[in-house]
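**Student:** this one's structure only:
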Ligand code: UDP
C-alpha cells in the first residue's frame, strides 16, 4: 500500500488506479465501504457490468481514507450489531431527518475534508457512483467547492426501509429497488427525472448459475450430491445467533431423520468460524469462512437461513432459493422482511426452536411449500439490474 501526504500532516493511502482499457473510455469511480458484505458486493457487480465500457476505480472512503476511529467501522460492525442492536436502532432513528444527517456531516466535514479530497479527485473522473449512504454529501461538497462538478449517481443498496442519508436531492441519478424506496426518494426532494426504480445490483455469477444442476454443484463443492442442502449465513460479517440456531436446526433435522446436510458461512467472522468448527454435529455440516463463490453455494442449496441482508435476499431470489429470515438489523433491514414474505419468497421466524421447527417442516418429504416459494422468488428477481444500472449511469456522461 502506498501512502502520500497532502501537506497537512495527514497520511492518506493511495486511492488506486483506474482499470486498463482503450483510452477513449470514460473513467468511473465507485465509492463503497467494506462494512458488512453488501456494499462491496454491489460495487463488484457494477465493476463487472462496467467491464469494457469504462475504466473503473473502486474507492472505500471509510476503510481506506477516514481517520481513526471512523476507519474501524468495518471490523466492529458485527459486534456492534450483535451486542448493541439498540445503538444501531438509535442511529437509524437519528437519521430519520435529512436535516440532522446533513447538519452532522457538515460538522464533521472540516475535519474530514482533506481525506475526502485525497479520494475524490474529481479532475480524474468522468462519473462517480456511490453505493454507500455516507459517501455522497461530502464528495459533492468538495466538488462544489473546487468547481469540478462531475456527474454523480447513487445506487441505494437498502431496498425498502433505506436510511434517508441515501437520498441526497443534489445527485444526478438515484437508483432504487422498490416502490417504497422510490416514494422515499420523492419525499426527500429527488425529482422523478433523477430517480429510477431498477433493482439491486447483483453479481454476474448469480445469473450464470440459474438453472444449473444442484447435484452436480454439490459434488463439485465436495458435498453428498443427492442430499438436500440447507445454507446458513449471517451476511459478510457473520452477524446473528448462528451457533445456537445451527445447533437447534441440526438437532431437529436429525430427530426427524431428514436426509439433509448443512453448510454454514461464517463470512469474515473468524471467531464464529472457530466456534462452529468446535461443535459436534448430528448431521453432516460444512463450516466455511468468507466464500467467493456464494452463487455456487446458493444454487446448490434448497433452503437459505439468513438475516435480512439485501444482497443475500436479492441473490437468493435470482436463484429461486427460498429463504427463512431469522434476524434483521434494526431499522434499515426491517422492510426487507416484508419484501420477501409479501412476495411469497420466504418466511420470517425469530425464535430458535421455531426456526428449527420451520426448517424441519419445509424439508418434510412431499411438502410443496419450498417449490412454491422458489417460483415466487424467481418472479421477484432482477438478475439484469447491474447492466441496467450501468446503462442508466453512463447516460449521465452522454448528456
Ligand atoms: N458474501 C459473500 N461471501 C460470504 C458472505 C457473504 O460473498 O462468505 C456476500 C453475499 O453474497 C452478499 C453480501 O456478501 O452479496 C452480503 O450482503 P448483505 O446485503 O446480504 O448483508 P451485509 O453483509 O451487507 O449485512
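**Tutor:** Sure, I can see it. In this text the structure is predicted, and so the values were computed from the model without any measurement.
**Student:** for the helix ranked longest in the chain, packing partners?
**Tutor:** Ordering each helix of the chain by length in residues (DSSP state H) puts helix 98-120 first. Helix 98-120 is packed against strand 11-13, helix 137-146, with contacts defined by 3 or more CB pairs under 8 Å, 6 or more residues apart in numbering; DSSP states H and E. Placement of C-beta: from N, CA and C, glycine included.
**Student:** Can you name the secondary structure element that comes next after that helix?
**Tutor:** strand 127-130 (DSSP states H and E).
**Student:** counting contacts, what elements does that following strand pack onto?
**Tutor:** For strand 127-130, the packing partners by 3+ CB pairs under 8 Å, 6+ apart are strand 27-32, strand 152-155, helix 385-398.
**Student:** Relative to residue 257, how far out is the spatially closest residue to residue 262 that is not a sequence neighbour?
**Tutor:** Of all residues not flanking residue 262 in the chain, residue 285 sits nearest, at 4.6 Å (CB to CB, 6 or more residues apart in numbering). To residue 257, residue 285 is 16 Å away according to CB to CB, to the nearest Å.
**Student:** ok, now residue 371?
**Tutor:** 22 Å.
**Student:** Around the ligand, which positions in the stretch 251-399 of the chain sit nearby?
**Tutor:** Proximity of the stretch 251-399 of the chain to the ligand (CB under 6 Å from any ligand atom) is limited to residues 265, 267, 290, 291, 294, 309, 310, 311, 312, 315.
**Student:** Contact partners for the fifth one?
**Tutor:** So the one you mean is residue 294. 205, 265, 315 (CB atoms under 8 Å, 6 or more residues apart in numbering).
**Student:** One more pass at 7 Å, please.
**Tutor:** Counting by CB atoms under 7 Å, 6 or more residues apart in numbering, residue 294 touches residue 315.
**Student:** what do you get for the last one?
**Tutor:** If a contact means CB under 7 Å, 6+ apart, then residue 315 has 202, 206, 294, 298 as its contacts.
**Student:** coming back round to it: what angle separates the longest helix of the chain from strand 27-32?
**Tutor:** Using axes from the mean of the first three to the mean of the last three CA atoms, to 10 degrees, the direction of helix 98-120 lies 130 degrees away from that of strand 27-32.
**Student:** What's the nearest residue in the stretch 251-399 of the chain when you look at the ligand?
**Tutor:** residue 309 (2.2 Å; CB to the nearest ligand atom).
**Student:** That residue - nearest residue in space that isn't next to it in sequence?
**Tutor:** Closest to residue 309 by CB to CB, 6+ apart is residue 235, at 4.1 Å.
**Student:** correct me, but that neighbour touches residue 37?
**Tutor:** Yes. Counting by CB atoms under 7 Å, residue 235 does reach residue 37; the two are 5.3 Å apart.
**Student:** okay, and the common contacts of these two?
**Tutor:** residue 267.
**Student:** Just list whatever residues bridge to residue 28.
**Tutor:** In this structure, residue 28 bridges to residue 56, residue 127 when assessed by DSSP bridges.
**Student:** so who does it touch?
**Tutor:** Contacts for residue 28 were tallied using CB under 7 Å, 6+ apart; they are 50, 54, 56, 125, 126, 127, 129.
**Student:** try 10 Å this time
**Tutor:** Residue 28 sits next to 18-19, 46-47, 50, 53-58, 125-129, 150-151, 153, 390, 393-394, 397 when contact means CB atoms under 10 Å, 6 or more residues apart in numbering.
**Student:** and those, which are buried?
**Tutor:** Among the contacts of residue 28, those buried by neighbour count (16 or more other CB atoms under 10 Å) are 18-19, 46-47, 50, 54-58, 125-129, 150-151, 153, 390, 393-394.
**Student:** returning to what we had before: compare residue 371 and residue 257 and say which is more crowded by neighbours.
**Tutor:** More neighbours surround residue 371 than the other of residue 371 and residue 257, with 12 against 8 (other CB atoms under 10 Å).
**Student:** doesn't residue 322 make contact with the more buried one?
**Tutor:** Yes. Counting by CB atoms under 10 Å, residue 322 is a contact partner of residue 371 at 8.6 Å.
**Student:** residues bridging contact with these two, i.e. touching both?
**Tutor:** residue 302.
**Student:** hang on, residue 251 packs against residue 285?
**Tutor:** No. Residue 251 is not in contact with residue 285 according to CB under 10 Å; the separation is 11.5 Å.
**Student:** Would you single out the least confident of the helices and strands packed on helix 98-120?
**Tutor:** Least confident of those, judged by mean pLDDT, is strand 11-13 with a mean of 35.
**Student:** and the closest residue to residue 139 other than its chain neighbours, how far is that from the ligand?
**Tutor:** Closest residue in space to residue 139, ignoring its immediate chain neighbours: residue 120 at 4.6 Å, by CB to CB, 6+ apart. Distance, residue 120 to the ligand, by CB to the nearest ligand atom, to the nearest Å: 24 Å.
**Student:** go on, residue 75?
**Tutor:** Taking CB to the nearest ligand atom, one finds residue 75 at 13 Å from the ligand.
**Student:** Fine, thanks again, bye for now.
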